[in-house]
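Participant: my questions are about this predicted structure, shown below with the sequence.
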Amino acid sequence: MRIPVVFLSAVTIIVWSVTPSHGRDVIRLANGEWPPYYSKHLPDNGVGSKIVKDAFALEHVTVIYGFFSWSRAMALAKSGEWDGVVGYQTNPERNRSFYASEVVWEAPWVFFHLKTQPVQWKTFEDLRSFTVGATVEYMYTREFMEAERKGILKIHRIDSDEQNFMKLASGRIDLFPQLLDVGVYQYKRTLDASAQRLITYHPKPFGVHGDQVLLSRANRKNVRLMALFNRGLKRLKESGTYTAYFRDLREK
């Protein structure tokens, strides 16, 4: 499952500032805006982009990223026009069109709330009295979507995560669901210092996003490239470098 984040008005292609050396494989991956993991505006295009690039590099594969809206990124990868896409989680429907990698990174889904309004919950039923913000077209988790469909969660959807954090800080919603690292990144860049101090999150996750690289089944070479990526990712994790990326991310 992948959650659409920001739809860009124009397509931007960013090519890593290296020229593929003779004999190296090259893979073209569609990407999008989902900071701090993926962004054309961040160093190394975000920690998720860096992990994917470095894992492939360990197996002598050069990555070229193109940045698109997430819906366009998925369409380009599915058709095989681009070799694959980052930033998604597989599901049975996507398995028909893509080879899915080992998990690149994981992050918990949590509810952000005001420190002045403590939240105690075990099931979504316990949250019936809360007003929950959400972002248009996000899927969150299957259980969350089912609770929304059944009316267990009283959800108000608007256009952006940043708007939801502003509503949360002003008390117009009680809860806002977001991946932990993404949420912290967003409210620190959306709210002023006094508003930031109002925000916290409940430590109980309501799900986990396991991010993967999806490579199109339309390109026969992707069977081999997927095997190379998984091997490079394993090497990256065993080296300790992978852990350092996330330590650096969470210290900022």
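Facilitator: Here it is on my side, so go on. Numbers count the residues shown, from 1 in each chain.

Participant: every contact and neighbour count from this point should use C-alpha atoms.
Facilitator: Noted.

Participant: can you give me the helices in the chain?
Facilitator: With DSSP state H as the criterion, the chain has helices at 47-57, 70-79, 92-95, 142-150, 161-169, 180-190, 193-196, 222-239, 241-251.

Participant: save those as TSV, and put in mean pLDDT, distance to residue 214 and mean neighbour count too.
Facilitator: Shown next, in TSV, are those (pLDDT from 0 to 100; distance: least, Cα to Cα, whole Å; neighbours: other Cα atoms under 10 Å):
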stretch	mean pLDDT	distance to residue 214	mean neighbour count
helix 47-57	97	11	22
helix 70-79	95	8	20
helix 92-95	94	9	12
helix 142-150	95	20	14
helix 161-169	97	25	21
helix 180-190	95	21	17
helix 193-196	97	35	14
helix 222-239	97	9	17
helix 241-251	80	20	13
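
Participant: wait, residue 133 sits on residue 177?
Facilitator: Yes. Counting by Cα atoms under 8 Å, residue 177 is a contact partner of residue 133 at 7.3 Å.

Participant: quick revisit: do you know which of the helices of the chain lies nearest residue 102?
Facilitator: Nearest to residue 102, of all those, is helix 222-239, at 6.1 Å by Cα to Cα.

Participant: just the CA trace of the closest one, in CSV.
Facilitator: Coordinates of each C-alpha in helix 222-239 appear next as CSV, following Å, rounded to 0.1, in the frame of the first residue of the first chain:
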residue,chain,number,x,y,z
ASN,A,222,14.1,-6.5,-13.6
VAL,A,223,14.2,-10.1,-12.3
ARG,A,224,18.0,-9.8,-12.2
LEU,A,225,18.0,-6.2,-11.0
MET,A,226,15.7,-7.0,-8.1
ALA,A,227,18.0,-9.8,-7.0
LEU,A,228,20.9,-7.4,-7.1
PHE,A,229,19.0,-4.8,-5.1
ASN,A,230,18.0,-7.2,-2.4
ARG,A,231,21.6,-8.4,-2.1
GLY,A,232,22.9,-4.8,-1.9
LEU,A,233,20.3,-3.9,0.7
LYS,A,234,21.3,-6.8,2.9
ARG,A,235,24.9,-5.7,2.6
LEU,A,236,24.0,-2.1,3.4
LYS,A,237,22.1,-3.1,6.6
GLU,A,238,24.9,-5.5,7.7
SER,A,239,27.5,-2.7,7.3
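
Participant: just the angle between it and helix 47-57, please?
Facilitator: For helix 222-239 against helix 47-57, the angle between stretch directions is 110 degrees (axes from the mean of the first three to the mean of the last three Cα atoms, to 10 degrees).

Participant: how far is stretch 181-191 from where the chain is centred?
Facilitator: The chain centroid and the centroid of stretch 181-191 are separated by 14 Å under Cα atoms, centre = their mean, to the nearest Å.

Participant: show me what that stretch is in contact with.
Facilitator: Contacts to stretch 181-191, defined as Cα atoms under 8 Å, 6 or more residues apart in numbering, come from residues 34, 35, 36, 37, 107, 112, 161, 162, 165, 166, 196, 250.

Participant: low-confidence regions, the stretch 1-150 of the chain specifically.
Facilitator: For the stretch 1-150 of the chain, residues meeting the criterion pLDDT under 70 lie at 1-23.

Participant: ranges for the strands of it?
Facilitator: 12-14, 25-31, 61-67, 84-88, 98-100, 105-114, 131-135 (DSSP state E, counting those that start in this stretch).

Participant: can you say which of those strands is packed in most?
Facilitator: strand 84-88 (a mean of 26; mean count of other Cα atoms under 10 Å).

Participant: how many residues are close by residue 97?
Facilitator: 17 (other Cα atoms under 10 Å).
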